[in-house]
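In: just coords:
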């Protein structure tokens, strides 16, 4: 059974944040024992510090940082922060929207665990974090082109990687597909293969 804090605890957190920051922080919901808030990049650090230090909240654990891509939106990305208050056994979800090419303040001084999550958001989505001490790729190769969790990133990627025994090393080459990706001819799943496979000869005598 999952514990859900009483509504009074969740409401007290929401009221504390809104009393402190007024119109700077928008309350999105208080469902499922989680207070969901939205702010902007200018106030992000102050809001997170308040969530960590205010006795009504005491979110001493950062649980996750994730990015969401909305390509048609003016502020293309949401950065979503998840915090946990062990004292009150409740969670806070904080979102900030950011335009492509602009930067989000790093939260490493407040939560050192933000380091790798911010690197992941940069690697996967291209979201930059101001004053990050080591903003480099963490999941893809250093020479990787693009950011693979963007919705306009091709599912095949731009290059394929293989080991070349003649060159005695890893080589990068443009993606080559024998068949157009995701437009398979299901009546001929072996398109691109010229050899006659065992059993195929029977089809000519059917």
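Out: That came through, no problem. A quick note: this is a predicted structure, and the numbers were derived from the prediction, not measured. Residues are numbered from 1 along each chain as shown.

In: need the longest helix for this protein.
Out: What stands out as the longest helix in the chain, according to DSSP state H, is helix 7-21.

In: got a list of contacts for it?
Out: With Cβ atoms under 8 Å, 6 or more residues apart in numbering as the test, helix 7-21 has contacts from 25, 27, 30, 33-35, 37, 39, 43, 46-47, 50-51, 54, 56-57, 85, 88, 90, 92. Backbone N, C-alpha and C define where each C-beta goes, glycine included.

In: redo that, cut-off 7 Å
Out: Outside helix 7-21, the residues that touch it by Cβ atoms under 7 Å, 6 or more residues apart in numbering are 25, 27, 30, 33, 35, 37, 43, 47, 50, 54, 56-57, 88, 90, 92.

In: what comes up buried for it?
Out: 9-10, 12-14, 16-17, 21 (16 or more other Cβ atoms under 10 Å).

In: could I get these as JSON lines with distance to residue 131?
Out: Output for the buried residues of helix 7-21, formatted as JSON lines (distance: Cβ to Cβ, whole Å):
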{"residue": "9", "distance to residue 131": "34"}
{"residue": "10", "distance to residue 131": "32"}
{"residue": "12", "distance to residue 131": "33"}
{"residue": "13", "distance to residue 131": "28"}
{"residue": "14", "distance to residue 131": "30"}
{"residue": "16", "distance to residue 131": "28"}
{"residue": "17", "distance to residue 131": "24"}
{"residue": "21", "distance to residue 131": "22"}
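
In: low-confidence stretches in the chain?
Out: Within the chain, the segments meeting pLDDT under 70 span 1-4, 177-206.

In: give me the domain ranges for it.
Out: 7-130, 159-205 (automatic domain parsing).

In: okay, those, which one's buried deepest?
Out: Mean neighbours per residue, mean count of other Cβ atoms under 10 Å, is largest over these for domain 7-130, with a mean of 17.

In: where do the strands sit along this structure?
Out: Taking DSSP state E, the strands of the chain run over residues 26-29, 34-39, 61-69, 77-85, 90-98, 103-105, 128-130, 159-164, 169-174.

In: in TSV, list the ones you listed along with distance to residue 117.
Out: Shown next, in TSV, are the strands of the chain (distance: least, Cβ to Cβ, whole Å):
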stretch	distance to residue 117
strand 26-29	21
strand 34-39	18
strand 61-69	4
strand 77-85	9
strand 90-98	13
strand 103-105	12
strand 128-130	10
strand 159-164	26
strand 169-174	28
